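Asks: any chance you can model this:
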Amino acid sequence: MAYVALHGRSVWATLNTYYAVLKETGFRPKSIWICTEEIFEDRLPVLDEGFRIISIGYDLKPKISSMTVPEGEIVEAGLEISGLVESLKKDYEVALDVTSARKALVVGSMLATTENRPDHVYYLMIDTLEDISKPYPMIPMQHQRLVDFRRQSRRPMR
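Replies: Below is the predicted model of the structure:
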């Protein structure tokens, strides 16, 4: 399994979604990719350490890699992430986390992966902005819900 986190404005949102995925699903990645725009690349060491710490709590030691894409280049970023997903799908079930990323990065990635879709597209919904910059277990569960957009899109229409 491979986990691709599209990182944007919030380190907590990126790490908390990963924590939620591990806690609420059977997804256990052997490979983690952190993809971010150039403007946020200074956060990569913090994210790397956060993913390592959370993984240890689940007895995991995934290989953690990163990719920096140009800021505001929707097509180029989407194609780079699409290439990454395509490459990973040769060996892994792939999850894409879109929680923290800015809209341009998410839209570019989703458009570019329409033919070679990730197996999961995770988004951690939080219904409040009050006091949420903290670890996942410290945010009341009634305020958050992990959604897999790919799983929802496979449900039959009513």
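Asks: OK, contacts around the most centrally placed residue in the chain?
Replies: In the chain, the C-alpha nearest the mean C-alpha coordinate belongs to Asp97, at 2.2 Å (C-alpha atoms, centre = their mean). Going by C-beta atoms under 8 Å, 6 or more residues apart in numbering, Asp97 touches Tyr3, Val4, Ala5, Leu6, Thr14, Thr17, Tyr18, Val21, Val121, Tyr122, Tyr123. Using the backbone N, CA and C atoms, a C-beta is placed for each residue, glycine as well.
Asks: with neighbour count and secondary structure added, can I get those in JSON lines?
Replies: Output for the contacts of Asp97, formatted as JSON lines (neighbours: other C-beta atoms under 10 Å; DSSP: H, G, I helix; E, B strand; the rest coil):
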{"residue": "Tyr3", "neighbour count": "30", "secondary structure": "strand"}
{"residue": "Val4", "neighbour count": "27", "secondary structure": "strand"}
{"residue": "Ala5", "neighbour count": "28", "secondary structure": "strand"}
{"residue": "Leu6", "neighbour count": "27", "secondary structure": "strand"}
{"residue": "Thr14", "neighbour count": "27", "secondary structure": "helix"}
{"residue": "Thr17", "neighbour count": "25", "secondary structure": "helix"}
{"residue": "Tyr18", "neighbour count": "27", "secondary structure": "helix"}
{"residue": "Val21", "neighbour count": "23", "secondary structure": "helix"}
{"residue": "Val121", "neighbour count": "24", "secondary structure": "strand"}
{"residue": "Tyr122", "neighbour count": "26", "secondary structure": "strand"}
{"residue": "Tyr123", "neighbour count": "18", "secondary structure": "strand"}
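Asks: out of those, which comes closest to Gly72?
Replies: Checking the contacts of Asp97 against Gly72 with C-beta to C-beta, the nearest one is Leu6 at 14.5 Å.
Asks: does Leu88 sit in a helix, a strand or a coil?
Replies: For Leu88, the secondary structure call by DSSP: H, G, I helix; E, B strand; the rest coil comes out as helix.
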